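[1] Show me the folded form of this:
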Amino acid sequence: MLGADRDAGTGGQEAIIVGRGPLPPVSARVVGYAAAGWCLAFAGVSAWQVAAGPPQRYAADAAGLAIMSVLVGVLKLAGAAVALAAVLVRPGRPRRLLRLLGVALWGAFGVLSLYSAGNLAITIGTVGGLLVPSAAWTAAGGVTPKATGYVLFFLAGAALFGTLAVWFHRRHRLRWTSAVAGLAGAPLLLGLLLTAAPALLGRWGLLPT
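    Below is the predicted model:
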């Protein structure tokens, strides 16, 4: 779709300029900037983890943990770029680009929602006695203010990207296949991060198997 700008110097004739549609409303831009800030703040945590190194008890796995932190950090930066692009790109851009951004937004929402749902399920199941407390749960001290803040942080990220995905989908009149592709790819990406990548690093001797 093409946007139209009026050229006062041509007697009110409309000049059609590709990619120069109206800017998104302020509320959408606020959500987009907040989502990008969320990603950048989280990427900062990954950078700090790489710079500081792991705790002494994980010193033997320092290389593997650093690789995982860098991998996740790159994805967080990509998420920030997608959130910013969503509120900067205007109607009239190539449909392929718009569809790609739509898929990425739905994918980010799906990943954060699944991860948040998993954390909530583990917390509720462990507190309710349905699950045996894991070693990580015991080491962290169970339900602490820090653990609660961690879950709420991911829920906030999911809410931001979900809101942005719905708005972007409607603004650019994307097909439902964009949402399906993004949501379907979310568990694949999450599985890659939580299972496949650690397993591969374990085979290389960089993480415990």
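
[2] elements contacting the helix or strand hosting R99?
    Taking DSSP states H and E as the criterion, the element that holds R99 is helix 95-127. Contacts defined by 3 or more Cβ pairs under 8 Å, 6 or more residues apart in numbering; DSSP states H and E place helix 95-127 against helix 62-88, helix 145-171, helix 176-191. The way it works is simple: take the backbone N, C-alpha and C, and place the C-beta from them, glycine included.

[3] which one of those helices lies closest to L206?
    Minimum separation from L206 across the helices and strands packed on helix 95-127 (Cβ to Cβ) falls at helix 62-88, 3.3 Å.

[4] Run through the neighbouring helices and strands of the closest one.
    Contact partners of helix 62-88 among helices and strands, from 3+ Cβ pairs under 8 Å, 6+ apart: helix 26-52, helix 95-127, helix 145-171, helix 197-203.

[5] Could you dump those into TSV with mean neighbour count added?
    Compiled in TSV, the helices and strands packed on helix 62-88 are given as follows (neighbours: other Cβ atoms under 10 Å):
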stretch	mean neighbour count
helix 26-52	16
helix 95-127	19
helix 145-171	17
helix 197-203	15
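
[6] Would you reformat these as CSV and include mean pLDDT and distance to A62?
    Converted to CSV, those look like this (pLDDT from 0 to 100; distance: least, Cβ to Cβ, whole Å):
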stretch, mean pLDDT, distance to A62
helix 26-52, 93, 10
helix 95-127, 91, 24
helix 145-171, 92, 23
helix 197-203, 92, 12
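
[7] Ok, which of those helices comes nearest G64?
    G64 lies closest to helix 197-203 among these, at 4.4 Å (Cβ to Cβ).

[8] Relative to L206, how far out is the most centrally placed residue in the chain?
    Of all residues in the chain, the one closest to the mean position by Cα atoms, centre = their mean is A108, 3.9 Å from it. Using Cβ to Cβ, to the nearest Å, A108 is found at 27 Å from L206.

[9] likewise V89?
    From V89 to L206 the distance is 39 Å (Cβ to Cβ).

[10] just so I know, which of the helices and strands packed on helix 95-127 lies nearest S113?
    helix 145-171 (4.6 Å).

[11] Could you name the helices and strands sitting against the closest one?
    Helix 145-171 packs on helix 26-52, helix 62-88, helix 95-127, helix 176-191, going by 3+ Cβ pairs under 8 Å, 6+ apart.
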